[in-house]
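Student: Quick one: sequence and predicted model below, then my questions.
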Amino acid sequence: MGQPVSLFPCLGGEGLGCILSQFLEKLPIPNMMSKLKEGQEIRQPAAGKTPANALVRWLIAHRPKEVTLLMASAVVVGLGAGFGAIVFGWLIENFTALAFNGGRQALGFLGTYYVILLPAIGGLAVGSLVYHFAPEAKGHGVPEVMEAVALKGGRIRPVVVLIKALASSICIGAGGSAGREGPIVQIGSALGSTVGQLLKMSDDRIRTLVACGAAGGIARDL
């Protein structure tokens, strides 16, 4: 029996190579990773071609370097953050139309003064969302990201992506005093942090993807 082999270089139990190897071991591919470690020959899967099998075959054939995997993750996060910024802009447009058109119909008896109540109604909705689902989504967005990077290893809960997008778009759409840039930074950063956490990356790697997410969101907005 040959010496045990590894898909990726593993230095001191850390690094993206180790992380991806551990991740692949959890995929539902019977005996494939165990055979790889024991140095046995791995036969290509027969007719049942699944995405997981295809991924393993590609990784075995190419054995990408750690920097390549990190760059690929960064590209995915950047594209996702840019797409998130597009969706965020779409939400703002639709909540603005809903607030002013719906408010005109529901509060028409107030005349043009109905607009005074819109920020208050929007604030009630935003406060409820943030308080019950993601308290860290409150505020401007950038300070919360800085706090997560400095004190929490860049770890941001995935739910922040959704709650921040909804809360900020409602606030802006209802005429509240808020801008787009801060929320976009937090949305992109939360997306990057989520990808890093799903891949079981180290704190340093997660911080890197947080920065990629923030940059991707801002690049799309500006």
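Tutor: Looks like it came in fine.

Student: hey, which helix is longest across the protein?
Tutor: Ranked by residue count under DSSP state H, the longest helix found in the chain is helix 66-106.

Student: for it, packing partners?
Tutor: In terms of contacts (3 or more Cβ pairs under 8 Å, 6 or more residues apart in numbering; DSSP states H and E), helix 66-106 is packed against helix 16-25, helix 118-133, helix 159-173, helix 181-198, helix 203-221. (Each C-beta comes from the backbone N, C-alpha and C, glycine too.)

Student: if you compare these, which one is most tucked away?
Tutor: Among the helices and strands packed on helix 66-106, helix 181-198 has the highest mean neighbour count (mean count of other Cβ atoms under 10 Å), at a mean of 26.

Student: Nearest to the spatial middle of the chain, which residue is it?
Tutor: Centrality entry for the chain: nearest residue to the mean C-alpha point is residue 191, 1.5 Å, by Cα atoms, centre = their mean.

Student: my read: that residue touches residue 213, true?
Tutor: Yes - Residue 191 is in contact with residue 213 according to Cβ atoms under 8 Å; the separation is 4.8 Å.

Student: shared neighbours, the two?
Tutor: Shared contacts of residue 191 and residue 213, defined by Cβ atoms under 8 Å, 6 or more residues apart in numbering, are found at 77, 80, 81.

Student: and which of those is nearest residue 220?
Tutor: residue 81 (7.2 Å; Cβ to Cβ).

Student: returning to that earlier point: could you redo the helices and strands packed on helix 66-106 as JSON lines and give each row distance to residue 61?
Tutor: Output for those, formatted as JSON lines (distance: least, Cβ to Cβ, whole Å):
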{"stretch": "helix 16-25", "distance to residue 61": "14"}
{"stretch": "helix 118-133", "distance to residue 61": "43"}
{"stretch": "helix 159-173", "distance to residue 61": "34"}
{"stretch": "helix 181-198", "distance to residue 61": "24"}
{"stretch": "helix 203-221", "distance to residue 61": "24"}
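
Student: Out of those, the one nearest residue 91 is which?
Tutor: Using Cβ to Cβ, the helices and strands packed on helix 66-106 put helix 159-173 closest to residue 91, at 3.7 Å.

Student: My guess is residue 103 contacts residue 117. True?
Tutor: Yes - between residue 103 and residue 117 there is a contact under Cβ under 8 Å: 7.3 Å.

Student: Show me which of the two is the more surrounded one.
Tutor: residue 103 (19 against 15; other Cβ atoms under 10 Å).

Student: secondary structure class for residue 200?
Tutor: Three-state call for residue 200 (DSSP: H, G, I helix; E, B strand; the rest coil): coil.

Student: Distance check, it against residue 146.
Tutor: Distance, residue 200 to residue 146, using Cβ to Cβ, to the nearest Å: 24 Å.

Student: Could you look up the SS state of residue 156?
Tutor: Under three-state DSSP, residue 156 comes out as coil.
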